[in-house]
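Trainee: Any chance you could fold what I've pasted below:
(one chain, ligands or ions: 1)
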Amino acid sequence: MKIFGAKSAPADAEAVPPPRNAPRHVVLRVRGGALQFGDRRLWHDLDFDVRSGEFIAVLGANGSGKSSLLKVILGQQQLSAGTMTFEGSPVTRGNRRIGYIPQQKLADEGAPLRGRDLVALGVDGHRFGLPLPRAARRREVDDLLASVGASEYANVAVSTLSGGEQQRLRVGQSLAGNPRLLLCDEPLLSLDLAHQRAVSELIDTHRRQRDLGVLFVTHDINPILDMVDRVLYLAGGSFRIGTPDEVLRSEVLSELYGSPVDVIRTRGRVIVVGVPDAGHGHDGHHHHDDDPGGNGNTGSTAPVGGPRS
Ligand SMILES: Nc1ncnc2c1ncn2[C@@H]1O[C@H](COP(=O)(O)OP(=O)(O)OP(=O)(O)O)[C@@H](O)[C@H]1O
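Mentor: Got it, this is the predicted structure:
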């Protein structure tokens with residue numbers, strides 16, 4: 001379990017983390033959660049809590065329902081059974097205390113958006129009723145840009161920025177409104193190793209400074225292995241949750257998948273061998289073909305989180 005020690009000064013009073021070892025407050029609670037589309041049951045009997053300041057990696061094969069879980073938390077998808085509460089109340093659509101970094105490709109060439117416009121979308125999206133005065137809005141956007149190290153490209157067209165720079169802006173956008181929970185859907189997709197590290201450290205720094213709960217969907221836990229408190233692994237309609245050492249074990253994943261799976265730890269990395277093909281959900285739009293981690297995985301060998309197709 002990680003201990004909370006702020007790496008740098010919190011940005012504002014609301015962001016002051018509680019003392020070390022303070023009891024963690026439950027931000028999100030799921031009990032008996034199930035999600036089904038027609039005959040297809042993605043997961044069921046899902047029970048877990050996310051506590052403030054906790055970093056949870058969400059892993060699982062393609063089509064196991066990771067993105068759908070985030071959509072339920074965002075109120076965009078209804079549970080088929082069970083309950084889900086955020087800060088003690090049922091989840092609702094458009095909750096300003098939940099930040100979201102969606103799974104998306106890089107901005108299209110020629111998108112007429114500057115860095116500050118992308119971040120401003122988050123600020124505006126979090127405001128209801130009267131608009132923020134111009135100066136206050138500008139200050140908030142500037143603060144967010146600075147907090148993610150993106151001030152220098154505030155006025156540059158997003159389409160001309162690198163993937164890592166664009167992801168910094170998306171992190172800034174997701175932090176508008178001072179969320180209590182941050183949902184990240186494959187935020188490292190298509191980034192090279194250096195940018196994977198930079199973006200995941202940025203998210204990790206903010207969760208510590210702001211005492212944010214983080215749910216981080218990924219196909220590869222390796223870039224965030226040293227940041228993660230717990231792993232939520234979805235497979236075969238079921239799940240396991242626990243520390244990486246508890247969940248990322250051959251016997252645990254073999255039981256979850258219902259067939260022999262080997263978890264290999266080598267040079268500080270975790271690799272899973274023998275994950276069965278989910279046999280569905282291979283629509284292509286979610287998956288990256290590159291192997292930025294240099295795993296050299298092919299066939300049924302995958303960095304932890306399931307196979308990539
Ligand atoms: N609204 C919907 N109606 C019907 N089926 C859906 C709906 N949303 C998602 N699905 C299906 O549910 C399955 C799980 O999708 P989801 O995107 O949650 O999986 P995932 O674990 O995030 O997958 P990946 O790793 O490939 O991104 C997929 O087969 C998908 O086609």
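
Trainee: buried residues in stretch 138-150?
Mentor: Across stretch 138-150, burial judged by 16 or more other Cβ atoms under 10 Å covers E140, V141, D143, L144, L145, S147, V148, A150. Yep, even glycine has a C-beta here, placed from its N, CA and C like the rest.

Trainee: can you check stretch 211-228 too?
Mentor: Applying a neighbour-count criterion of 16+ other Cβ under 10 Å, one finds 211-225, 227-228 buried in stretch 211-228.

Trainee: So which of the residues you listed reach the ligand?
Mentor: By Cβ under 6 Å from any ligand atom, no member of the buried residues of stretch 211-228 lies near the ligand.

Trainee: so which of the buried residues of stretch 138-150 comes closest to Q103?
Mentor: Among those, V148 lies closest to Q103 (Cβ to Cβ), at 18.7 Å.

Trainee: and the closest one, backbone torsions?
Mentor: As for V148, its main-chain torsions (degrees, to the nearest 10) stand at phi -110, psi 10.

Trainee: tell me which element the nearest residue to R230 once chain neighbours are set aside is part of?
Mentor: Leaving aside its chain neighbours, R230 sits nearest to I56 (5.0 Å; criterion: Cβ to Cβ, 6 or more residues apart in numbering). Using DSSP states H and E, I56 falls within strand 55-60.

Trainee: Please apply the same query to S67.
Mentor: Applying DSSP H and E as the criterion places S67 in helix 66-73.

Trainee: Just give the number of residues close to the closest residue to I264 other than its chain neighbours.
Mentor: Of all residues not flanking I264 in the chain, I271 sits nearest, at 4.8 Å (Cβ to Cβ, 6+ apart). Per other Cβ atoms under 10 Å, the neighbour tally for I271 reads 21.

Trainee: quick check, I271 in a strand?
Mentor: Yes. Counting by DSSP: H, G, I helix; E, B strand; the rest coil, I271 is located in a strand.

Trainee: Show me the beta-bridge partners of it.
Mentor: I264, P303 (DSSP bridges).

Trainee: so what's the residue nearest to R230 up against?
Mentor: Neighbour list for I56: F48, V50, G213, V214, L215, F216, V228, D229, R230, V231, L232, I241 [criterion: Cβ atoms under 8 Å, 6 or more residues apart in numbering].

Trainee: could you dump the host helix or strand of the fifth one to CSV, C-alpha only?
Mentor: Taking DSSP H and E as the definition, L215 sits inside strand 213-217. The C-alpha atoms that make up strand 213-217 are tabulated as CSV, following Å, rounded to 0.1, in the frame of the first residue of the first chain:
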residue,chain,number,x,y,z
GLY,A,213,-9.2,8.3,-6.4
VAL,A,214,-8.0,7.1,-9.8
LEU,A,215,-9.4,4.3,-11.9
PHE,A,216,-6.9,3.7,-14.8
VAL,A,217,-7.9,1.3,-17.6
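
Trainee: tell me the mean pLDDT for that strand?
Mentor: Mean pLDDT, strand 213-217: 97.

Trainee: and the helix or strand following that strand, which strands flank it?
Mentor: Proceeding N to C from strand 213-217, the next assigned helix or strand is strand 230-235, under DSSP H and E. Sheet pairing of strand 230-235 (DSSP bridges) gives strand 55-60 (parallel), strand 238-242 (antiparallel).

Trainee: and strand 230-235 with strand 269-273, angle?
Mentor: 20 degrees (axes from the mean of the first three to the mean of the last three Cα atoms, to 10 degrees).

Trainee: Extract the CA atoms of strand 230-235 and return them as CSV.
Mentor: In CSV, the C-alpha atoms belonging to strand 230-235 read as follows (Å, rounded to 0.1, in the frame of the first residue of the first chain):
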residue,chain,number,x,y,z
ARG,A,230,-4.6,-2.2,-6.3
VAL,A,231,-5.6,-4.0,-9.5
LEU,A,232,-9.2,-4.7,-10.6
TYR,A,233,-8.9,-7.5,-13.1
LEU,A,234,-12.0,-8.3,-15.2
ALA,A,235,-12.2,-11.6,-17.1
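
Trainee: now the angle from it to helix 66-73?
Mentor: Strand 230-235 and helix 66-73 are oriented at 110 degrees to each other (the same axes, to 10 degrees).
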